[in-house]
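give me a model of this one.
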Amino acid sequence: MSASISDAPGSQAPSASATESRETIEKQVWDQLRTCYDPEIPLNIVDLGLIYSCQVTTAPEGGHRVDVTMTLTAPGCGMGEYLKMEVQAKISTVPGVKAANVEVVFDPPWNYGLLSDAAKLKLGLL
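Coordinates of the predicted model:
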């Protein structure tokens with residue numbers, strides 16, 4: 001599912017030119033992903049290890065396409081669709097992003113080993 005939502009609640013578009021490099025856009029996308037928080041755990045989804053991949057490619061129609069593969073802490077998480085839509089909306093605020101695709105997968109399953117050291121510290125696991 002592609003989106004170009006730029007007025008999502010809580011999203012702020014970083015200021016940049018639409019002709020930014022792939023590397024610059026990827027950095028801005030990761031910055032946006034760090035503003036998405038799991039509603040049940042007070043940590044962002046990057047530090048939680050929910051983002052498996054983030055790929056930025058040049059879109060045929062110009063600009064860039066971002067494909068994110070992510071997971072949830074549990075397959076039955078009721079907030080899965082909400083998180084997916086939030087990630088898609090926030091990615092779409094990055095200047096130069098013309099399409100955003102977010103896929104939620106459960107293989108490999110999420111585990112505590114995917115937590116960043118900062119997340120482990122905050123959760124008292126270090």
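
going forward, measure contacts between C-alpha atoms and count neighbours the same way
Will do.

center of the protein, which residue is that?
The residue lying closest to the centre of the chain (Cα atoms, centre = their mean) is residue 33, at 3.8 Å.

pretty sure that residue sits against residue 88.
No. The criterion here is Cα atoms under 8 Å, and residue 33 misses it with residue 88 at 9.3 Å.

on that earlier part again, show the model's pLDDT score for the residue nearest to the centre of the chain.
Among the per-residue scores, residue 33 shows a pLDDT of 98.

residues contacting it?
Counting by Cα atoms under 8 Å, 6 or more residues apart in numbering, residue 33 makes contact with 44-46, 87, 90-91.

got the phi and psi for it?
Residue 33 has phi and psi values of phi -60, psi -30 when expressed as degrees, to the nearest 10.

now it: how far from residue 124?
Per Cα to Cα, to the nearest Å, residue 33 is found 23 Å from residue 124.

go on, residue 69?
According to Cα to Cα, residue 69 and residue 124 sit 27 Å apart.

these two - which one has more neighbours?
Using other Cα atoms under 10 Å, the more surrounded residue of residue 69 and residue 124 is residue 69, with 16 against 8.

all good on my end, thank you.
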